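1. Sequence first, then the predicted structure, then my questions.
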Amino acid sequence: MSNVGIPIKLLYEAEGMKVTVEMKNGEIYRGMLLNAEDTMNMTLSDVVRTARNGQVTKLPTVYLRGSGVRFIALPDLLRNAPAFKKVASMKAKMEAERASGGGQKRKRDA
């Protein structure tokens, strides 16, 4: 898990919470995120599936393949996730370096 990006870390933080997943084929799944993988494959429980035609189906468990995911709606509770705090501190550090002229400037060849 050390080499994964911020979105995947947030997905791991959402385990045990209700999420909504829209697939590339237009289906929408809403349920409790049981397990997530680096590839965005995930297992949901107590799922409500909405088909493209609007038909709603309740399913006990669903395994979704990450390559078919269009987007994932995560709970607002994750706005305070540790992954975001790390990004904010890195951004502040980079802005401080930029303001102090800490970056190397390239010389132009005439």
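-> Cool, got the structure. What you are looking at is a predicted structure, and each value in this text was computed from that prediction instead of being measured. Numbering: from 1, shown residues only.
2. Against which helices or strands is the lowest-mean-pLDDT helix or strand in the chain packed?
-> For the chain, the helix or strand with the lowest mean confidence is helix 82-99, at a mean of 77 (criterion: mean pLDDT, DSSP states H and E). Contact analysis of helix 82-99 by 3 or more CB pairs under 8 Å, 6 or more residues apart in numbering; DSSP states H and E lists helix 6-13 as its packing neighbours. The C-beta positions use only the backbone N, C-alpha and C, and glycine is treated the same way.
3. For the helix it packs on, which outside residues touch it?
-> 1, 33, 36, 38, 40, 42, 72, 74, 78, 81-84, 87 (CB atoms under 8 Å, 6 or more residues apart in numbering).
4. Output it as CSV - backbone C-alpha positions only.
-> What follows is helix 6-13, C-alpha atoms only, in CSV (Å, rounded to 0.1, in the frame of the first residue of the first chain):
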residue,chain,number,x,y,z
ILE,A,6,-4.1,9.4,-2.8
PRO,A,7,-7.3,8.2,-4.6
ILE,A,8,-6.6,4.6,-3.7
LYS,A,9,-5.7,5.5,-0.1
LEU,A,10,-9.0,7.3,0.2
LEU,A,11,-10.8,4.2,-1.2
TYR,A,12,-9.1,2.2,1.6
GLU,A,13,-10.2,4.8,4.2
